[in-house]
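# fold the following and give me the result.
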Amino acid sequence: MTGQDRTMPSEITRRGLLLVLSSPSGAGKTTITRRLIERDPELGISVSVTTRAPRAGEIDGKHYHFIDATRFERMVASGALLEHAIVFGNRYGTPRAFVEATLASGRDIISDIDWQGTQQLQESVRSDLVAVFVLPPSMTALEERLRTRAQDSAETVRERMAKSADEMSHWAEYDYVIVNRDLEHSVAQVQAILTAERLKRERQAGLAEFVNRLRSGQ
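Sure thing, here's the model as predicted:
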């Protein structure tokens, strides 16, 4: 939220949090992310950089920052990325400057990245991180979603399905796990997680002083 959570007294401020959603391809993390952004105007999105080519309908700077491998390597070398990983032969990363500035201002960020990137974030920004893993209801449903969205060739769908079991093996590394049987219900679950995390005691700077003033009768 922008600087000050509407549910908090003016004496209490809050540092932003980084909400990360991960899942096997096709399980719904990107769709859930987009729904949350539509419904919560105070929730910003971290736009990743990637070396892969844009898919149909994707806009540079909105869905991803599409860059070449040379520029990506320069960003890695200069420490400009909070995390980076290779996924299906393409490189992805989270720009550091935007995330750090946004969290310091008290706003929250949502990002959908894979387990490799989440592991790195757990080392670099653990106190700011809220990690959610999204599981499909079944492997049959996962394959159907991949085929229905028609973004990938049949061969790519097979590759994604083959890798999904390995991706799902990392579920226990996350703070929360949801099963995406119904999109609206899944969005509501992540919204509930976000609300609870925003109210965590350790995220509220000035809370102790506020309580002490209440106890003293002020």
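# how far out from the middle of the chain is stretch 203-218?
32 Å (CA atoms, centre = their mean, to the nearest Å).
# got the contact list for it?
Met8, Pro9, Glu11, Ile12, Thr13, Arg14, Arg15, Leu17, Glu197, Arg201 (CB atoms under 8 Å, 6 or more residues apart in numbering). C-beta here means a position set from N, CA and C on the backbone, and glycine is covered the same way.
# what is the burial count for the last one?
Spelled out, it's Arg201. Each residue near Arg201 was counted by other CB atoms under 10 Å, and the total is 7.
# what of the second one?
Counted by other CB under 10 Å, the residues lying close to Pro9 total 13.
# check Arg198 too.
For Arg198, the neighbour count with other CB under 10 Å is 20.
# how about Met168?
19.
# if I look at it, how far off is Val177?
10 Å (CB to CB, to the nearest Å).
# if we can go back for a sec, and the contacts of stretch 203-218, which of them are in strands?
Residues from the contacts of stretch 203-218 lying in strands, with DSSP state E as the criterion: Thr13, Arg14.
# lowest pLDDT pick from the contacts of stretch 203-218?
Lowest-confidence member of those: Met8, scoring 67 (pLDDT).
# what touches both of Met168 and Val177?
Leu135.
# quick one: buried ones out of the contacts of stretch 203-218?
Buried subset of the contacts of stretch 203-218 (neighbour count, 16 or more other CB atoms under 10 Å): Met8, Ile12, Arg14, Arg15, Leu17, Glu197.
# how many residues are close by the closest residue to Ser124 other than its chain neighbours?
In this structure, Ser124 finds its nearest non-sequential neighbour in Leu82, 5.8 Å apart by CB to CB, 6 or more residues apart in numbering. Residues lying near Leu82 (other CB under 10 Å) number 22.
# on that earlier part again, in CSV, list the contacts of stretch 203-218 along with distance to Gln151.
Below are those laid out as CSV (distance: CB to CB, whole Å):
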residue, distance to Gln151
Met8, 41
Pro9, 47
Glu11, 48
Ile12, 44
Thr13, 41
Arg14, 37
Arg15, 36
Leu17, 30
Glu197, 31
Arg201, 42
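# mind checking what secondary structure the residue nearest to Ser124 has?
Three-state call for Leu82 (DSSP: H, G, I helix; E, B strand; the rest coil): strand.
# if I pick it, what's in contact with it?
Residues near Leu82 by CB under 8 Å, 6+ apart: Gly93, Thr94, Pro95, Arg96, Val99, Gln120, Leu121, Ser124, Val125.
# model confidence for the fifth one, exactly?
When you say that, I think you mean Val99. 95.
# now what about whichever helix or strand Val187 is part of, what contacts it?
In this structure, Val187 sits in helix 183-198 according to DSSP states H and E. The contact list for helix 183-198 (CB under 8 Å, 6+ apart) reads 1, 5, 14, 17, 19, 21, 28, 31-32, 35-36, 39-40, 43, 108, 130, 132, 134, 176, 178-180, 203.
# any chance you could map the helices in the chain?
In the chain, the segments counted as helices under DSSP state H are 29-39, 69-78, 96-104, 115-124, 139-149, 154-168, 183-198, 207-215.
# take these and write them to CSV, including distance to Gly57.
Putting these into CSV (distance: least, CB to CB, whole Å) gives the following:
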stretch, distance to Gly57
helix 29-39, 12
helix 69-78, 23
helix 96-104, 23
helix 115-124, 24
helix 139-149, 11
helix 154-168, 17
helix 183-198, 19
helix 207-215, 44
